[in-house]
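1. Next comes the sequence, and after it the predicted model I'd like to discuss.
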Amino acid sequence: MSAATADYDFLVIGSGPSGQKAAIQAAKLGKRTLLIERQAHIGGVSVHSGTIPSKTLREAILYLTGWRQRGFYGRDYRLKKAVTAADLMQRLEVTVRHEIEVMHEQVARNGITVVHGVASFASPHHVSVKSEDEGITEFAAEKILIAVGTRPRRPPEIPFDDVTIIDSDGILRLKKVPRRMIVVGGGVIGLEYASMFKALDVEVTLVHEQPGLLGFIDHEIMDEFVHHLHDQGMVLRLGEKVSVVEKTDDGRARVILASGKRLVADLLLFTAGRTGCVEELNLERAGLAADARGQIKVDAHYCTEVPHIYAAGDVIGFPSLASTSMEQGRLAARHAFGLSTQGGPVNFPYGIYSVPEISTIGMTEQELREKKIPYEIGVARFRETARGQILGLREGLLKMLVGLEDRRLLGVHIVGESATELIHIGQAVIQLNGTVDYFVDNVFNYPTLAEAYKIAALDCWNRLQN
């Protein structure tokens with residue numbers, strides 16, 4: 001089908017980070033763009049149940065509990081003695097409402113048509129949209145992007161009731177803060193919520209089937225993080241498999257582990273992966289298929305096996321980050337209309353909004369050893385910086401990895417306050433093929449946490465002299 005006979009030049013299914021940025025990019029190229037969203041408001045999982053709500057919840061917890069001031073005033077310090085679920089949800093509602101307003105303004109400003117309803121393919125170039133008000137409407141487009149995102153995986157053997165036994169979406173509908181909580185799954189989502197609720201002074205037990213946590217993170221950083229979790233009193237059941245999840249007679253959640261251990265809590269959060277929201281798309285009518293996890297295969301330009309249909313965001317799998325999804329959507333739209341692209345980001349930062357934060361970019365120490373790349377390390381602890389003392393930080397570590405032969409910065413790994421902000425300094429130097437000498441020879445504002453780069457660089461420089 002040619003652009004001349006299509007209703008739209010570009011049709012996007014899903015308005016999360018990848019879908020929204022793709023639609024805006026196409027519109028800026030002068031293309032007639034349609035954005036289809038099944039929910040009443042645009043934004044997708046990122047705005048309504050994922051990135052924005054979870055990070056807002058984190059900030060509300062850290063503020064209301066006075067967590068950031070405990071380094072000065074002790075672990076018993078509280079800004080508010082009894083934080084309620086209503087306290088947390090109030091801030092959540094304000095932030096989400098504002099984010100929706102901003103997104104609506106961006107979409108309207110770029111002349112993008114928005115239709116609300118459930119989308120499904122009628123043919124490779126035609127998409128039907130079923131809405132409550134207008135029935136079924138069919139649209140045709142020259143190019144199509146699938147950006148439907150994912151939802152929490154809910155195994156049939158887990159008796160979810162969305163009150164006592166919940167998934168990550170259920171956290172945002174809590175009516176009260178539990179006294180005891182079990183988190184099953186030690187991935188990014190599980191760790192973020194487990195550490196948040198521990199900061200809220202909830203008794204948290206984390207159960208994870210693997211013997212370690214987040215194996216893709218530098219091991220020294222994870223050791224530091226796990227030490228902090230233990231220090232805060234979190235119970236970690238690593239290498240333990242869940243055999244049974246059930247409700248007790250008094251309405252609590254009980255977990256029976258394969259080892260025979262029994263755990264009981266007021267709330268159980270089950271986080272065991274996510275699956276693509278593809279069931280209602282009728283992909284076969286477009287000549288496509290998803291795998292067992294609901295993921296769609298794409299090439300380096302986010303094009304599917306059908307040349308005019310693209311996919312981006314969580315529905316294509318790794319790395320499933322809001323930040324990378326935005327760039328995938330933008331690049332997919334550019335490639336769809338013949339503009340040059342260099343493929344997706346190679347060196348992108350991970351941001352894990354646990355308490356404390358973890359952020360990383362580049363190679364880890366274990367990767368360098370596996371590839372037999374000679375390297376040296378430089379380390380700085382936040383408590384060594386003047387800003388760290390001012391903030392009362394007890395934890396925090398910045399680690400840089402430097403090539404032994406050319407002194408190039410190969411990786412930066414941070415755990416601690418503002419890690420997700422600090423990582424971008426290292427990102428810029430890595431992208432520009434910079435060396436450790438950049439940090440040694442330049443001046444950083446004083447006092448700042450960014451000064452940790454200078455301290456780590458000098459630590460590395462001293463090692464390089466031996």
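-> That came through, no problem.

2. So for stretch 192-211, what gets flagged as buried?
-> Buried residues in stretch 192-211, defined by neighbour count with 16 or more other C-beta atoms under 10 Å: 192-209. C-beta: built from backbone N, CA, C; applies to glycine.

3. wait, doesn't residue 334 sit right on residue 24?
-> No: with contact defined as C-beta atoms under 8 Å, residue 334 does not count as touching residue 24 (11.6 Å).

4. Out of the two, name the residue with the larger neighbour count.
-> Applying other C-beta atoms under 10 Å to residue 334 and residue 24 shows that residue 24 carries more neighbours, namely 23 against 17.

5. give me every residue that touches the closest residue to that one other than its chain neighbours.
-> Nearest non-adjacent residue to residue 24, counting by C-beta to C-beta, 6 or more residues apart in numbering: residue 110, 5.3 Å away. For residue 110, the contact set (C-beta atoms under 8 Å, 6 or more residues apart in numbering) comprises 23, 24, 27, 28, 33.

6. Please apply the same query to residue 17.
-> Per C-beta under 8 Å, 6+ apart, neighbours of residue 17: 44, 46, 51, 313, 322, 323, 325, 326, 329.

7. What of residue 76?
-> Contacts of residue 76 (C-beta under 8 Å, 6+ apart): none.

8. Have a look at the protein and report the helix or strand with the lowest mean pLDDT.
-> Lowest mean confidence among the helices and strands of the chain (mean pLDDT, DSSP states H and E): helix 70-73, at a mean of 80.

9. Against which helices or strands is it packed?
-> Counting contacts by 3 or more C-beta pairs under 8 Å, 6 or more residues apart in numbering; DSSP states H and E, helix 70-73 packs against no other helix or strand.

10. what does that helix contact?
-> Taking C-beta under 8 Å, 6+ apart as the rule, helix 70-73 contacts 66, 77, 391, 392, 393, 394.

11. one step back: could I get the contacts of residue 17 as TSV with secondary structure?
-> Formatted as TSV, those follow (DSSP: H, G, I helix; E, B strand; the rest coil):
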residue	secondary structure
44	helix
46	helix
51	helix
313	helix
322	helix
323	helix
325	helix
326	helix
329	helix
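
12. Among those, the buried ones, what's the ChimeraX command?
-> In ChimeraX, a selection of the buried entries from these looks like this (16+ other C-beta under 10 Å):
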select :44,46,51,313,322,323,325,326,329
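
13. What subset of the contacts of helix 70-73 is buried?
-> If you count burial by 16+ other C-beta under 10 Å, the buried members of the contacts of helix 70-73 come out as 66, 391, 393.

14. ok, now which ones touch the spatially closest residue to the first one that is not a sequence neighbour?
-> Closest residue to residue 66 apart from its sequence neighbours, by C-beta to C-beta, 6+ apart: residue 79 at 3.6 Å. Under the criterion of C-beta under 8 Å, 6+ apart, the contact list for residue 79 reads 63, 64, 65, 66, 69.

15. In CSV: these, plus pLDDT.
-> What follows is these, written out as CSV (pLDDT from 0 to 100):
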residue, pLDDT
63, 91
64, 91
65, 90
66, 89
69, 85
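
16. of these, closest to residue 354?
-> The shortest gap between residue 354 and any of the contacts of residue 79 belongs to residue 65, at 15.2 Å (C-beta to C-beta).

17. Roughly how far does that closest one sit from residue 95?
-> 18 Å (C-beta to C-beta, to the nearest Å).

18. Run a quick neighbour tally on residue 355.
-> There are 24 residues near residue 355, going by other C-beta under 10 Å.

19. Revised request: answer the last question for residue 111.
-> 11.

20. Distance-wise, check it relative to residue 26.
-> Counting by C-beta to C-beta - residue 111 and residue 26 are separated by 11 Å.

21. okay, and the common contacts of these two?
-> Going by C-beta under 8 Å, 6+ apart, residues that sit against residue 111 and also against residue 26 are residue 33.

22. Against which helices or strands is the longest helix that the chain contains packed?
-> Looking across the chain with DSSP state H, the single longest helix is helix 85-109. Applying 3+ C-beta pairs under 8 Å, 6+ apart, one finds that helix 85-109 contacts helix 17-28, helix 44-48, helix 51-65.
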